[in-house]
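Novice: Give me the fold of what follows.
(chains A and B)
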Amino acid sequence: MIAAIVITAFDLRAALRLRPRLQALPAALAPLPGSEPLIGSVTGAAEAKGVRPGMRLGEALALCPGLELVEQDPAAAEQAWEEILRRLEDAGFAVEPAAPGTVFFDSKGVERLYGGLEPALKRALAAAGTTWDPRAGAAERRFAALAAANVARPGQALIVSDDRARSFLAPLPLQLLPLERSRYEELEELGVRTIGQLAGLPGGAVSERLGPDGRRAWGLARGEQDGGVAPRRQAMSLHETLEFPEAVGNELTLRRGLGVLVDRLLARPERAGRPPRKIALWARLVGGASWRRTVTLRESTADPARLRAALSAKLGELPAPALKLRLEISELAEHTGEQLELVAAEGEVLQGRLREGLRQVRAAVGAGGVSTVVEVAPWSRIPEARALLVPRDD
Amino acid sequence: MVTHTRSTRTARTARRLNAPRCALVESHADGTPRRVDRQEVALLREEWRVVDRWWTEDPVHRRYFDLVLETGQNVVVYHDDDAGSWLTQRA
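Specialist: Below is the predicted model:
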């Protein structure tokens, strides 16, 4: 069977981890700066006052004037989600994350391990962490498992057998189907409010009116086969962090900091010569918010200059000065070999000697014995604000 | 042996270069240094003020002196007007 674990409003819960008091109050995720003023996930208290995710900010505040707006914290959400996935993997579940807060796994392998489907689901719920109020669902089809997890109570595991799947899905709301918001409204205007009502419509008419997405949703509503589970490959987590003594906003300084992080990360032995394919840049901003950008390289490379060039452009998108900068390798390429150059680049020999010299110094004085001077604000009138000493162990 | 790929590293904090150090300074009535670290001041070469970050909670009000001591040594000291202390630093 296919099982799904769902944590509702995961992004909001992650953003509220440091402010748990707000979880009991009407709160919603604030819109991203520069984006359409639509609120994100909402707490139960806000929902009780009529506030819905995706609502216009003005409308939400009119409905609930005391609504607390919570700044989005994508880095915290991603980190928390990764921790949950790893706990599940450590418990033996080969997971396929669909989105933050939704994960699938095939129960076939773990049923024997835990003595049945229900104990396995209970174990998965425990591994996800009870503080997140996870819900579990299991069925022969992905969509039915997801729907079961969505309607289960927090901490509950709901199992839907194949012969009951259609009758189980029939009374559920259309919003469980992967459709655009406007499509739900269109269907509701036509009097179609439940999955069962959609499943009862002729397939051709649905395709004509709603297009391929609608046809797919119709298929899901009828319990058609919707694919198995493709477990993710266990993620490699290599990261290096640089903390600044004070918030840094100028791009030149950030680029220099980034250069140091690239060098450190490439020097990590865990990489075993494999070049990075996917890299994430993360920053903790002044005021507590976070910022994150992921870069997938067209061609995996371990060339620091190319990595710096690929990542530097992202620094310009930082919305506020950063207190901390982190560079993560999310994915490494499999190959280790690279075409060698016929003629070594100018300065290569000197660079090699310098590296060897530094290695010997490090061996003599220990880690942290070698630092790089990074100019951060050479124009500053305050002498100690002009440059930083950044330890390097590469 | 398989390397554990989930290792993490603690963040290593960057340190300030040229951070000020405490200095023992005796001054004249007009605030100019007379002795620095028990050495007489032979010459006051230059004096300037740095007023910065007044818009933050950590403003900077410093009076810098570029001095030559009787031993021939060059030093730069400053008086931190907020803390009322003397410090030395390469300017």
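Novice: hang on, A:Leu85 in a helix?
Specialist: Yes: assignment of A:Leu85 by DSSP: H, G, I helix; E, B strand; the rest coil places it within a helix.
Novice: burial measure for it, as a count.
Specialist: 22 (other Cβ atoms under 10 Å in any protein chain shown). To be clear about C-beta, it is placed using only N, CA and C from the backbone, and glycine gets the same treatment.
Novice: OK, contacts around it?
Specialist: A:Leu85 makes contact with A:95, A:97, A:103, A:232, A:235, according to Cβ atoms under 8 Å, 6 or more residues apart in numbering or on different chains.
Novice: so how far is A:Leu29 from the residue in the stretch 101-250 of chain A that chain B sits nearest to?
Specialist: Nearest to chain B in the stretch 101-250 of chain A, going by Cβ to the nearest Cβ, is A:Thr241, at a distance of 3.6 Å. A:Thr241 sits 26 Å away from A:Leu29, going by Cβ to Cβ, to the nearest Å.
Novice: Please list the residues of the stretch 1-150 of chain A that sit near chain B.
Specialist: The stretch 1-150 of chain A has residues A:Arg86 near chain B, with proximity defined as Cβ under 8 Å from any Cβ of the partner chain.
Novice: any low-confidence regions in the stretch 1-150 of chain A?
Specialist: For the stretch 1-150 of chain A, residues meeting the criterion pLDDT under 70 lie at A:34.
Novice: ok, which stretches of it are strands?
Specialist: A:2-6, A:27-29, A:68-70, A:95-99, A:102-106, A:135-139 (DSSP state E, counting those that start in this stretch).
Novice: now do chain B
Specialist: B:12-13, B:15-16, B:21-22, B:25-27, B:33-36, B:39-52, B:60-69, B:74-80, B:85-88 (DSSP state E).
Novice: Show me which residues of the last one are buried.
Specialist: Applying a neighbour-count criterion of 16 or more other Cβ atoms under 10 Å in any protein chain shown, one finds B:86-88 buried in strand B:85-88.
Novice: Can I get the strands of chain B in TSV including mean pLDDT?
Specialist: Output for the strands of chain B, formatted as TSV (pLDDT from 0 to 100):
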stretch	mean pLDDT
strand B:12-13	68
strand B:15-16	84
strand B:21-22	93
strand B:25-27	94
strand B:33-36	95
strand B:39-52	93
strand B:60-69	95
strand B:74-80	95
strand B:85-88	94
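Novice: Count the residues that sit near B:Trp54.
Specialist: The number of residues packed near B:Trp54 is 9, by other Cβ under 10 Å.
Novice: whoops, A:Thr241 was the one
Specialist: Neighbours of A:Thr241 under the rule other Cβ under 10 Å: 19.
Novice: Can you lay out the strands of chain B as JSON lines showing distance to A:Ala91?
Specialist: Conversion of the strands of chain B to JSON lines gives the following (distance: least, Cβ to Cβ, whole Å):
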{"stretch": "strand B:12-13", "distance to A:Ala91": "33"}
{"stretch": "strand B:15-16", "distance to A:Ala91": "42"}
{"stretch": "strand B:21-22", "distance to A:Ala91": "54"}
{"stretch": "strand B:25-27", "distance to A:Ala91": "64"}
{"stretch": "strand B:33-36", "distance to A:Ala91": "66"}
{"stretch": "strand B:39-52", "distance to A:Ala91": "55"}
{"stretch": "strand B:60-69", "distance to A:Ala91": "54"}
{"stretch": "strand B:74-80", "distance to A:Ala91": "57"}
{"stretch": "strand B:85-88", "distance to A:Ala91": "56"}
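Novice: Would you reformat these as JSON lines and include distance to chain A?
Specialist: Formatted as JSON lines, the strands of chain B follow (distance: least, Cβ to the nearest Cβ, whole Å):
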{"stretch": "strand B:12-13", "distance to chain A": "5"}
{"stretch": "strand B:15-16", "distance to chain A": "5"}
{"stretch": "strand B:21-22", "distance to chain A": "11"}
{"stretch": "strand B:25-27", "distance to chain A": "17"}
{"stretch": "strand B:33-36", "distance to chain A": "17"}
{"stretch": "strand B:39-52", "distance to chain A": "5"}
{"stretch": "strand B:60-69", "distance to chain A": "6"}
{"stretch": "strand B:74-80", "distance to chain A": "9"}
{"stretch": "strand B:85-88", "distance to chain A": "10"}
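Novice: ok, back up a step: quick one: the residue of the stretch 101-250 of chain A closest to chain B and A:Leu323 touch, right?
Specialist: No: A:Thr241 is not in contact with A:Leu323 according to Cβ atoms under 8 Å; the separation is 10.9 Å.
Novice: about what we covered before: which of the contacts of A:Leu85 has the largest number of neighbours?
Specialist: A:Val103 leads those on contacts (other Cβ under 10 Å) with 26 neighbours.
Novice: partner residues bridging that residue?
Specialist: As for beta bridges, A:Val103 partners with A:Ile5, A:Pro97 under DSSP bridges.
Novice: List the contacts of it.
Specialist: A:4-5, A:84-85, A:88, A:95-97 are the contacts of A:Val103 under Cβ under 8 Å, 6+ apart.
Novice: of all the residues you listed, which comes closest to chain B?
Specialist: Lowest distance from chain B to the contacts of A:Val103 (Cβ to the nearest Cβ) belongs to A:Leu85, with 11.9 Å.
Novice: Assign A:Glu284 to helix, strand or coil.
Specialist: No Glu there; residue A:284 is Arg. The three-state label given to A:Arg284 by three-state DSSP is strand.
Novice: Contacts only, for it.
Specialist: Per Cβ under 8 Å, 6+ apart, neighbours of A:Arg284: A:75, A:290, A:322-324.
Novice: What values do phi and psi take at A:Leu187?
Specialist: The phi/psi pair for A:Leu187 (degrees, to the nearest 10) reads phi -70, psi -40.
Novice: And the pLDDT at it?
Specialist: On the pLDDT scale, A:Leu187 is placed at 83.
Novice: Would you mind measuring from it to A:Pro178?
Specialist: The gap separating A:Leu187 from A:Pro178 is 13 Å, by Cβ to Cβ.
Novice: for A:Pro100, same thing?
Specialist: Computed as Cβ to Cβ, the A:Pro100 to A:Pro178 distance reads 16 Å.
Novice: of the two, who's got more company?
Specialist: The residue with more neighbours, out of A:Pro100 and A:Pro178, is A:Pro100; 18 against 12, by other Cβ under 10 Å.
Novice: which ones are touching the residue positioned nearest the centre of chain B?
Specialist: Centroid-nearest residue in chain B, with Cα atoms, centre = their mean: B:Pro20, separated by 3.0 Å. Listed by Cβ under 8 Å, 6+ apart, the contact set of B:Pro20 reads A:383-384, B:78, B:87-89.
Novice: So which bits of stretch A:86-104 are buried?
Specialist: Buried positions in stretch A:86-104, judged by neighbour count with 16+ other Cβ under 10 Å: A:86, A:88-89, A:91, A:93-97, A:100-104.
Novice: how is chain A carved up into domains?
Specialist: A:1-169, A:170-221, A:238-391 (automatic domain parsing).
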